[in-house]
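>>> Here is a sequence with its predicted model. Questions after.
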There are 2 protein chains.
Amino acid sequence: MTDNKLSIDRPAIESLLTRRFFYAPSFGIYGGVAGLYDYGPTGTALQQNLINMWRQHFVIEEDMLEVDCSIMTPAEVLKTSGHVDKFADWMCKDTKSGDIFRADHLVEAVLEARLEGDVLARKLAGATIADASAAAAPADAKKDKKNKKKGGPVVATKLDDSVVAEYQNILAQIDNYDGEGLGELIARFDIRNPATGNEVTKPVEFNLMFDSSIGPTGQLKGYLRPETAQGQFLNFSRLLEFNNQKMPFASAMVGRSFRNEISPRQGLLRVREFTMAEIEHYVDPQNKDHPRFEEVADIKLSLLPGSVQLTGSTDTVQMTIRDAVAEGVIDNKTLGYFMGRIHLYLMSIGIKHELLRFRQHLNNEMAHYACDCWDAEIKNSYGWIECVGCADRSAYDLTVHSNRTNQKLCVRENLTEPHIYEKLVCEPNSKVFGPKLKRAAKPVLEHLESMSPADLSAVKDALASDGKATVTLAGTVADGTYEITAEMITIENKTITEYTREYTPNVIEPSFGIGRILYSLLEHSYSVRPDDEQRAVLSFNPAVAPFKCLILPLSNHASFKKPLLDVARRLRTNGVPARVDDAASVSIGRRYARNDELGTPFAITVDFDTAKDGTVTLRERDSTNQIRASIDEIVDMVKNLVAGSATWEDALSKYPAVSAAASD
Amino acid sequence: MTDNKLSIDRPAIESLLTRRFFYAPSFGIYGGVAGLYDYGPTGTALQQNLINMWRQHFVIEEDMLEVDCSIMTPAEVLKTSGHVDKFADWMCKDTKSGDIFRADHLVEAVLEARLEGDVLARKLAGATIADASAAAAPADAKKDKKNKKKGGPVVATKLDDSVVAEYQNILAQIDNYDGEGLGELIARFDIRNPATGNEVTKPVEFNLMFDSSIGPTGQLKGYLRPETAQGQFLNFSRLLEFNNQKMPFASAMVGRSFRNEISPRQGLLRVREFTMAEIEHYVDPQNKDHPRFEEVADIKLSLLPGSVQLTGSTDTVQMTIRDAVAEGVIDNKTLGYFMGRIHLYLMSIGIKHELLRFRQHLNNEMAHYACDCWDAEIKNSYGWIECVGCADRSAYDLTVHSNRTNQKLCVRENLTEPHIYEKLVCEPNSKVFGPKLKRAAKPVLEHLESMSPADLSAVKDALASDGKATVTLAGTVADGTYEITAEMITIENKTITEYTREYTPNVIEPSFGIGRILYSLLEHSYSVRPDDEQRAVLSFNPAVAPFKCLILPLSNHASFKKPLLDVARRLRTNGVPARVDDAASVSIGRRYARNDELGTPFAITVDFDTAKDGTVTLRERDSTNQIRASIDEIVDMVKNLVAGSATWEDALSKYPAVSAAASD
């Protein structure tokens, strides 16, 4: 068993991210609001690049129909979708102080603190630490003060081996407990508010949607959408028409959603307002193959199926998508296809291969609309974090909205070969059937027609053997029991030929939490220079990097100003975001270093040779190697490097290297 | 005087926009909600392209600091900004039916209907229609049924010439009336609910913000932001630091904002949820020049200053920005610079030059935070519509937030030359001042120090002539009147030398309503083929067009499938959004036509020659001209056409033209 959390100096990263304004708590000068963050210039550009690459990878390359729907949603829509009743977390309260907790987080934090205390006690006692226990204690536990506070101070108290095993088993499936289950855990293990030692109430449901009202009368209740999906479903018929009635197809949306979390924590990982990118792929339930399956079939994924988790294990299996589908680990090819595409997207932005796994949801943790779900989890210093959900929502949403509104949300398909089959059909003898049954005639016929083949067959048999049968109506305009005779009706097998088929599509939904992906990428991109751990570098690839090129003068000599502005102008009009750092009081080495912290991959330096021969140097962030060439050549090279049509190796082979300044 | 509205077949455009799913009412299958719209695939791509071009034009080319802040905003922030108290419209109610109206819209609609009735009456009487009256009646009045209903049925009733003039004068400055003024108009002109004939109540204020509450206790009140600006202001200090303390600079944000409009109408022009793009440019109030002013100085703008409007006229003046700033029509160079940049942006996306003007706000219509404002108004079939506001918010926002939070939101500037000046300074004689005044000593000294130079000079004179003076304190811990004598204090002129200067920047704010720009662009891009008015075309330029290239097979011949998918794949992996239209049952001409409605500028057709020699045709939407070349050449050409590195003329000169299919 390996560590469950990425071992990394989180306080140092967080300090960098705040200092360089990747993001910061919203309304900071007013004291901030938990779970709300503002992205600064670097974070915004990074987020935008992740979204642009997502659009290219999914919307454009797969020809998806992107839509942009309203956030404010009338209550009726979310009542129908099940969110008003079921989109809730379990909350409990300190019985005296009134402090509020999310019940599963409280249980998790307290049990984790006890396990840490156990590790400490065994250490003090000189005992060797079991590998299993080590997993429960974060590698960076000493630095992680906040985490400790959540579960209370870590007290060195040895636990029985059986208790350790029990705690670990519970933690491995904490998402599988409902309110009652969590209440039992709280009672059984005497879980209290770690800060006060007071008991907490039984868990109660708290709906996670923000509510408001629409219009001047205040009578139309609305919610802020908790996901972008519903807007896509409601437009299904328009989208199908836009797609010339062709199936399968996908819609997609990038936008803000809102969840009124009980106790937001873990920075960008659990927030009240977030940008998500969702795909709703509509597929024939009778054929969940995907035309492009072969393109991803041989990708090997790291899988953690539900069956494994229920044994208390978190060991992943490495399988090709082809094998996983063939062996039924992944339910169908469309689900497998999207898991492959998600994998490719995450690799392309720079997520580390070994820090990505796909975990199947357990039954109780599944959203109310889902029938199967795999999460792409990315490992960071908080643990394995769900960053992309890939759910099979079956026909749930389209069905409930269609039923509620009496609008068809389905596909009519012209069959290439007609569907021919035998069916028992009722044919009333109009001269006898109507006159005998009078006002009951219509409901009796409808009743017969709605019978199952077996029941109708029994009626047919009764008519054949006894010459009569009885029919009992309930819930009609003419309830009662009626006798029908062989002369009133004929029930016969007929050959039916259907030229069209009508069905409600199933929906496969890859749903991306952009903020979680972004934060994980920040951790995966972070390192310090081997020779100086004060000098941090964010090694974004050029496509992802917030700013592509830094432009700086060697000093504040007057002759540098014009070429500096010239280079900046030329890069910017070519769509290359470029920053100037002309703080002449700061050494060139420190200016390189502070832009390494922003992840800027390239730097152009204007120096005394520029005035003489029109050349500048170009520095690459990770290697800190530099080349020298004319302004024209360097600007062109940067454009190509950023567009991905040249690599740094190309640049090195084409232009002479120069030794870095002594200060770098 | 020219028509106030663009003469265009709006019902035909609206039909196209709905049919081809540019946008549609949100929650349509639930009956929809006024003022909420969903963008379909075409509208979403169009919107995204407008935003991308905006980012390139403003954020990247001008090196602005883009941020992405929370929508959910605690009440305290918007209380401080003035929105809780002042961000309201005037609403009145039908006294019997309870129907709710926005007061200014009601007055406007009723007076416009009466003016239309007057025109009709004069027509019936055979009188010539005064030019001035024509302006009040929309050119497409016959088709515009909805508009008529708003103000009631148009009844042919002749008005006195003086009444017509009065109505027109009121309509020209309708935005200048407050609640009381609107109430007077309603009373004076007996304005009633047009639908019922009932009287309406006096206008009352209705706050336009959607409210909600944050967190599980429900005790933290929040609002959905009505503008993106506040988030930018609250981050001012972080942004200044990010910019290495350099001034001037700009922040920018693209995002959703919300306004709970009383009675949304006019489609995308007045909605409850909208995407805006806002720039906050921070500038030294003592120097509102702009380093790049010269780049726009010679652009000629169409201006409608406040002074002209107050005469009841809407005649614009054509002036270069240089002249307008020099003559004080536009207040300063930074404001002028941004008006020029706004003009260039709107031209680049395809807004028609003659349908753009800049109108200065009248005093009463100005937002509570603004001290000057010019709207870029675009003329469409609804009239001249505010699409971009360009306001000088002075130091209002930074000042109120700083005062409320006690956090400095200002710039400290090292002066290149120290600021040396004379100042009256108080120096108490500590042996006498304290003992005599006791607990009043501190407040008395503070009072003296906060006096204006003139008042303090009067005290100095009194001490010199009478040997004493009196000081009255109010609102302190020691209120009362105190006598001070010459022996207690010295008041003298001293030379002060300051090496730094501290100031609160002023803010110039260009604020773009993306939906309004998008709708106006749709109208400006719309036309019908000269030979067939059933065939509509949206002539977007390639950068703006939702889909860049259509790919279609001549028929459903099996040999077409592979080259079709090949071309699609190659365009898409190169980032060119391409749609396939392979509905073989639809003639090629009709397929061209239905994609002209989407504004797709280019179409590649696979035909029988493709199988023979690997060539395809490329059609340009506006001219319907076609060329033929190899797939490689055509794919390359489309990439260049879309990137703007080639024109259709280049294509025509390089490759042989082919005659269009007979059906096109």
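Cool, got the structure.
>>> Name the spans of chain A whose pLDDT lies under the cut-off.
Applying pLDDT under 70 to chain A picks out residues A:1-2, A:127-150, A:660-664.
>>> repeat that for 80
For chain A, the stretches with pLDDT under 80 are A:1-3, A:126-153, A:218, A:312, A:363-371, A:584, A:659-664.
>>> and A:I604, bridged to which residues?
A:I604 has these beta-bridge partners by DSSP bridges: A:I551, A:L618.
>>> Show the contacting residues for it.
A:C549, A:L550, A:I551, A:L552, A:V567, A:V616, A:T617, A:L618, A:R619, A:I634, A:V638 (Cβ atoms under 8 Å, 6 or more residues apart in numbering or on different chains). C-beta here means a position set from N, CA and C on the backbone, and glycine is covered the same way.
>>> before we move on, what about A:S630?
By Cβ under 8 Å, 6+ apart, the contact list for A:S630 reads A:D613, A:G614, A:T615, A:V616.
>>> Recalculate using a threshold of 10 Å.
The contact partners of A:S630, by Cβ atoms under 10 Å, 6 or more residues apart in numbering or on different chains, come to A:T610, A:D613, A:G614, A:T615, A:V616, A:D636, A:Y655.
>>> Just the buried residues out of those residues, in ChimeraX syntax.
To isolate the buried members of those in ChimeraX, using 16 or more other Cβ atoms under 10 Å in any protein chain shown:
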select /A:610,615,616,655
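>>> closest to chain B among the contacts of A:S630?
Checking the contacts of A:S630 against chain B with Cβ to the nearest Cβ, the nearest one is A:D636 at 14.2 Å.
>>> That closest one reaches A:N574, doesn't it?
Yes. Between A:D636 and A:N574 there is a contact under Cβ atoms under 10 Å: 9.5 Å.
>>> quick revisit: save the contacts of A:S630 as TSV, and put in distance to chain B and secondary structure too.
What follows is these, written out as TSV (distance: Cβ to the nearest Cβ, whole Å; DSSP: H, G, I helix; E, B strand; the rest coil):
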residue	distance to chain B	secondary structure
A:T610	21	helix
A:D613	28	helix
A:G614	24	coil
A:T615	24	strand
A:V616	19	strand
A:D636	14	helix
A:Y655	25	coil
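>>> got the buried residues for whichever helix in chain A runs longest?
Once chain A is assigned using DSSP state H, the helix that runs over the most residues is helix A:103-124. Residues of helix A:103-124 classed as buried: A:103-122 (neighbour count, 16+ other Cβ under 10 Å).
>>> can you check stretch A:556-563 too?
Neighbour counts using 16+ other Cβ under 10 Å place A:F560, A:P563 of stretch A:556-563 among the buried residues.
>>> That one close to chain B?
No. Judged by Cβ under 10 Å from any Cβ of the partner chain, stretch A:556-563 stays clear of chain B, getting no closer than 11.9 Å.
>>> residues in contact with that stretch?
The contact list for stretch A:556-563 (Cβ under 10 Å, 6+ apart) reads A:551-554, A:582-585, A:604-608, A:610-612, A:614, A:616, A:631.
>>> got any residues that touch both of A:D636 and A:N574?
Counting by Cβ under 10 Å, 6+ apart, A:D636 and A:N574 have no contacts in common.
>>> Tell me if I'm right that A:F210 and A:N260 touch.
Yes. If you go by Cβ under 10 Å, A:F210 and A:N260 touch, sitting 5.1 Å apart.
>>> and the stretch 401-550 of chain A, which of its residues are near chain B?
Contact residues, the stretch 401-550 of chain A versus chain B (Cβ under 10 Å from any Cβ): A:H401, A:S402, A:R404, A:T405, A:N406, A:Q407, A:K408, A:L409, A:P546, A:F547.
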